[in-house]
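Peer 1: Okay, structure incoming, though there's no sequence with it:
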């Protein structure tokens, strides 16, 4: 984004970058957790659950990429040190269920994680609504995908 655009932004750009960076860290943690579960899932029908988890993980990786791009456009730097990812996230690393064949717990785990993401993106949407249209468009796009993830898992119950 151009400097004039950043200066005319209706929100504090440093605060916005900090909040986007937290969401960026959340997306990395979600990607890792869902990828792990997709690799570890077992039991009857594991291939189907693996497919769902891999698709959501792919979306989470796409989200962190989109957030990194926006952070850079706003003049910030995405969290660099991987050891700082959990520390800078909105939520701690979500420990996946220990039983890799307990689909009810896996589904509940994903639903809870998506509910947290929905809360974060709603907050970002409220922060940017009518003040920073480009970021607002991005966070509402991601919000929509997080809602879809939640609904997909609810439909598996």
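Peer 2: The structure has been received and is ready for your questions. The structure displayed is predicted, hence computed values, not measured ones.

Peer 1: okay, and for this structure, where does confidence drop off?
Peer 2: Residues of the chain meeting the criterion pLDDT under 70: 1-9.

Peer 1: Assign the residue nearest the centre of the chain to one of the three secondary structure states.
Peer 2: Centrality entry for the chain: nearest residue to the mean C-alpha point is residue 27, 3.5 Å, by Cα atoms, centre = their mean. Under the three-state scheme (DSSP: H, G, I helix; E, B strand; the rest coil), residue 27 adopts helix.

Peer 1: dump the residue contacts of it.
Peer 2: By Cβ atoms under 8 Å, 6 or more residues apart in numbering, the residues touching residue 27 are 60, 61, 63, 64, 67. Where you see a C-beta, it was placed from the backbone N, CA and C, and this is true even at glycine.

Peer 1: Quick one: residues contacting the spatially closest residue to it that is not a sequence neighbour.
Peer 2: Spatial nearest neighbour of residue 27, chain neighbours left out: residue 64 (3.7 Å); criterion: Cβ to Cβ, 6 or more residues apart in numbering. Shown in contact with residue 64 (Cβ under 8 Å, 6+ apart): 24, 27, 28, 31.

Peer 1: got it, and residue 59?
Peer 2: Neighbour list for residue 59: 145, 149 [criterion: Cβ under 8 Å, 6+ apart].

Peer 1: Over to it. Which of the three states is it?
Peer 2: State at residue 59, reduced to three classes by three-state DSSP: helix.

Peer 1: Now do it against residue 149, distance only.
Peer 2: Look at residue 59 and residue 149: by Cβ to Cβ, to the nearest Å, they are 7 Å apart.

Peer 1: just residue 77 next, same as before
Peer 2: Using Cβ to Cβ, we find residue 77 at a distance of 28 Å from residue 149.

Peer 1: Give me the nearest residue to residue 131, chain neighbours excluded.
Peer 2: Per Cβ to Cβ, 6+ apart, closest to residue 131 is residue 10, 3.0 Å.

Peer 1: helix/strand/coil for the one you found?
Peer 2: Classification of residue 10 by three-state DSSP places it in coil.

Peer 1: do the same with residue 75
Peer 2: The assignment at residue 75 comes out as coil when based on three-state DSSP.
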